[in-house]
Structure formats: C-alpha cells, structure tokens
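**Student:** Take a look and give me a structure for this.
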Amino acid sequence: MPESRREFTRRSDRIEELVNRIENTGDPAIRAVAQELLQAVIELHGVALDRIVDFISGLPGGEIVLAQIAADELVSNVLSLHGINPVAVEARVTGALEKARPYLQSHGGNVELASIEDGVARVRLQGSCGHCSSSSETLKNAVETAIFDAAPEVIAVVAEPMPPAGHPDLVVLQTN
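**Tutor:** Predicted coordinates for the structure are as follows:
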C-alpha cells in the first residue's frame, strides 16, 4: 500500500474512532454540541473545496488539472464526501464501465451506458452476458461495484434489455 494511502487510512480510522467516542458519550448535551461542531467543520471544508474546484476550473487548462486531481483515488473520495467532483458523473460511470469491460468480455459479454437520470444508471449488457443465467450476478459483481465506486451519487444500477439487432438504438462498443 502506498504511503499516502496508509496515512489516509490511518487518519480516517482515527476520525472514525473519535466520532464513535462522541456518539457514545454519556452526556447528550455534549454529544449534540460535538456532533454540531463536526458537521460545521465538514461543511466549512466542503465550501472551501468547492471554491478551490471553481477557481481551478476557471483557469486556462483548469479542466485538465481537475481531471488529474480527480483521478487520484484519495482526493476523489474526499471530494465525493463533500458532494464535489470536477468530472461529470457520466464520464466517471463510462470510465468505470471501461474498467469492468475486460471481466465482462472474458465471459463473452460487454456493457454500455444507456442513461443516468435521477441517480439511476441504466446499462445494457451485450453478448452472452445479457442472456446467461448469471447475468444478474455479473452485473452486481462487476458493473454495480465499479459504478458505485466511481460515482457515489448513483443510487441504483438497472440493467435494460438490449434493443433487437438492426434497431437504431443498438450501439456496439468498440474496445481497444
């Protein structure tokens, strides 16, 4: 595990420990004040991070810098904690599907993003994965996990049937 990830994990564990101590304190008034303080600090950090993202996005080349920042898993997780991500949800979900694609292809299938609306990502399984008895398990294990990791704001993943061959909505994905 890289040092920065170990440090992040160590600090996250310490924060969780302190939050648990606050939640388990015997005095409800102290618990309420501590929880309000914690929430205020989180909100302050969220506002500051949002301003940083806005500032960078307004700079020449800022979108490239933000994409590089968001590509860092630890930074991306912190931004997501605050509901901030400089990369559009569609781009993150598409990237997640690209990562899941080799697994699906090893089972004779593929996946495409149909849409994302109201926090629901609709995907289409292609090939034998779309027809095999384990397609729902394949979706759950490969596609859902990849999408939820990349876009925590997605609340559900729904598999839609593929349109029939020759249908104008049929899009066959190309892979590298």
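**Student:** Report how many residues lie close to residue 98.
**Tutor:** 14 (other Cβ atoms under 10 Å). Where you see a C-beta, it was placed from the backbone N, CA and C, and this is true even at glycine.
**Student:** So residue 114 sits against residue 160, correct?
**Tutor:** Yes. Residue 114 lies in contact with residue 160 (Cβ atoms under 8 Å); the separation is 5.4 Å.
**Student:** In terms of neighbours, single out the busier of the two.
**Tutor:** residue 114 (17 against 13).
**Student:** Could you chop the protein up by domain?
**Tutor:** Annotated domains of the chain cover 3-81, 89-160 [automatic domain parsing].
**Student:** What helices and strands are in contact with the longest helix seen in the chain?
**Tutor:** Counting residues, the longest helix found in the chain (DSSP state H) is helix 28-57. The contact analysis (3 or more Cβ pairs under 8 Å, 6 or more residues apart in numbering; DSSP states H and E) places helix 28-57 against helix 3-23, helix 62-71, helix 73-81.
**Student:** now residue 50: how far from residue 58?
**Tutor:** Remark: distance between residue 50 and residue 58 (Cβ to Cβ, to the nearest Å) = 13 Å.
**Student:** Looking at these two, which is more packed in?
**Tutor:** Neighbours were tallied for residue 50 and for residue 58 using other Cβ under 10 Å; the higher tally belongs to residue 50 (14 against 9).
**Student:** before we move on, back to that, so what sits against both of residue 114 and residue 160?
**Tutor:** Residues touching both residue 114 and residue 160 (Cβ atoms under 8 Å, 6 or more residues apart in numbering) are 122, 123, 124.
**Student:** With neighbour count and pLDDT added, can I get these in a markdown table?
**Tutor:** Conversion of the shared contacts of residue 114 and residue 160 to a markdown table gives the following (neighbours: other Cβ atoms under 10 Å; pLDDT from 0 to 100):
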| residue | neighbour count | pLDDT |
| --- | --- | --- |
| 122 | 15 | 93 |
| 123 | 22 | 91 |
| 124 | 20 | 87 |
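**Student:** For residue 96, give me its contacts.
**Tutor:** 146, 147, 149, 150, 151.
**Student:** Tell me the buried residues in the helix or strand where residue 157 lies?
**Tutor:** Assigning secondary structure by DSSP states H and E places residue 157 in strand 156-160. For strand 156-160, burial by neighbour count (16 or more other Cβ atoms under 10 Å) applies to 157, 159.
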